[in-house]
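> here is my input, please return the structure:
(2 chains)
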Amino acid sequence: MKMHTFLFAVATVILAGSGCANVKPWQRENLADYTMQPGRDPVGTGQAEHIWFSREEANGGAGVGGGGCGCN
Amino acid sequence: MNISLFNKVMPVVILVGSLLTANAALKVGDSLPDLSTFQLEGHLPDTLKGKVVIVDFWASWCLPCAESFPTMDALQKKYGDRLVVLAVNVDEKASNMDKFLKEHSVSFTVVRDGKQKLVEVVSPQTMPTSFILDPNGKVCFLHNGFHGAKTREEYIKEIDSLLK
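Numbering: from 1, shown residues only, chains lettered A, B, ... in the order given. Predicted coordinates:
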């Protein structure tokens, strides 16, 4: 049982380590690119928000502050 | 698997993982590492001793960094020889920095940490991050990000306190 636990712990660490990418603040150049912004088409965004509002009675909450670079 | 055993093992795994990924960021009270050992591109000031220094880490893709530049420039002009503003660029491509500096002309010193060795050591938590050093080279104040007039007022207050 102890061996199984040890192997499980090792496998967990390996899986967790390989599945996560820790992007540091100074490495976010590509994330900050304009093409990474989800709402870069203002007409499309407006249409989508209108649909949410008129069909689902939902409004706002579609954006986040700070942009893709995670600055400030 | 025995659930109670799992509950005992996982905290240890998480703790070890946290320790392995933790980094020793530069903080208030620390001394700035010797900049001459980091192969920075550009000309470093001859000496930082005896002067208040703002070491600012920035990148061309960072909008608050662009917002902070006029303030940094104004501070450099206001305090003259008593203050050194040292802006450390962390762009991967030098051309991005050059293009940015053509659009944002500044009077203070700009160097580039192209190999990102210094920034790895200093490990700023956001972009931009600036450290205000006293004349002995010790970090006295730390600013994560730039928040317009609020940050500018804090800079002036802190620099004045160090120049007294």
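
> how near is B:Gln125 to B:Val119?
When Cβ to Cβ, to the nearest Å is the yardstick, B:Gln125 and B:Val119 sit 12 Å from each other. Just so you know, the C-beta spots here come from the backbone N, C-alpha and C atoms, and that holds for glycine as well.

> so these two - more neighbours on which side?
Between B:Gln125 and B:Val119, B:Val119 has the larger neighbour count (other Cβ atoms under 10 Å in any protein chain shown), namely 22 against 11.

> now do the contacts for the more buried one.
By Cβ atoms under 8 Å, 6 or more residues apart in numbering or on different chains, the contact set of B:Val119 is A:26, B:57, B:88, B:90, B:113.

> ok, it to B:Val90 distance?
The span separating B:Val119 from B:Val90 equals 5 Å under the rule Cβ to Cβ.

> residues shared between the contacts of these two?
Common neighbours of B:Val119 and B:Val90 (criterion: Cβ under 8 Å, 6+ apart): A:26, B:57, B:113.

> for the residue of chain A found nearest chain B, which residues are in contact?
Distances from chain A to chain B, computed as Cβ to the nearest Cβ, single out A:Asn72 as the nearest residue at 3.6 Å. Contacts for A:Asn72 were tallied using Cβ under 8 Å, 6+ apart; they are A:66, B:64, B:126, B:144-147.

> next one: B:Ile159
B:52, B:54, B:75, B:79, B:83, B:132.

> quick check: residues of chain A near chain B?
A:1, A:4-5, A:8-9, A:12-13, A:16-17, A:22, A:24-26, A:28-29, A:32-33, A:67, A:69-72 (Cβ under 8 Å from any Cβ of the partner chain).

> and the residue lying closest to A:Val23 once chain neighbours are set aside, how many neighbours?
In space, and not counting its chain neighbours, A:Val23 is closest to A:Leu31: 6.9 Å by Cβ to Cβ, 6 or more residues apart in numbering or on different chains. When counting by other Cβ under 10 Å, one arrives at 14 neighbours for A:Leu31.

> if we can go back for a sec, buried subset of the contacts of A:Asn72, written for ChimeraX?
ChimeraX command restricting these to the buried ones, with burial defined by 16 or more other Cβ atoms under 10 Å in any protein chain shown:
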select /B:64,126,145,146
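
> and the contacts of A:Asn72, which is closest to B:Phe38?
Within the set of these, B:Thr126 lies nearest B:Phe38; the separation is 20.6 Å, counting by Cβ to Cβ.

> could you measure from the closest residue to chain A within chain B over to B:Pro128?
For chain B, the residue positioned closest to chain A under Cβ to the nearest Cβ is B:Gly145, at a distance of 3.6 Å. Here the criterion is Cβ to Cβ. By it, B:Gly145 lies 7 Å from B:Pro128.

> which residues do the two both contact?
A:71, B:64.

> so, low pLDDT: which residues of chain B?
With pLDDT under 70 as the threshold, chain B has low-confidence stretches at B:1-6, B:9-23.

> do a quick rundown of the strands in it.
Ranges of strands within chain B are B:52-58, B:83-89, B:109-112, B:129-133, B:139-144, based on DSSP state E.

> ok, residues contacting the first one?
Spelled out, that is strand B:52-58. Contacts of strand B:52-58 from elsewhere in the structure, counted by Cβ under 8 Å, 6+ apart, are A:26, B:32, B:65, B:68-69, B:72, B:75, B:79, B:82-90, B:113, B:119, B:122, B:124, B:127-135, B:137, B:155, B:159, B:162-163.
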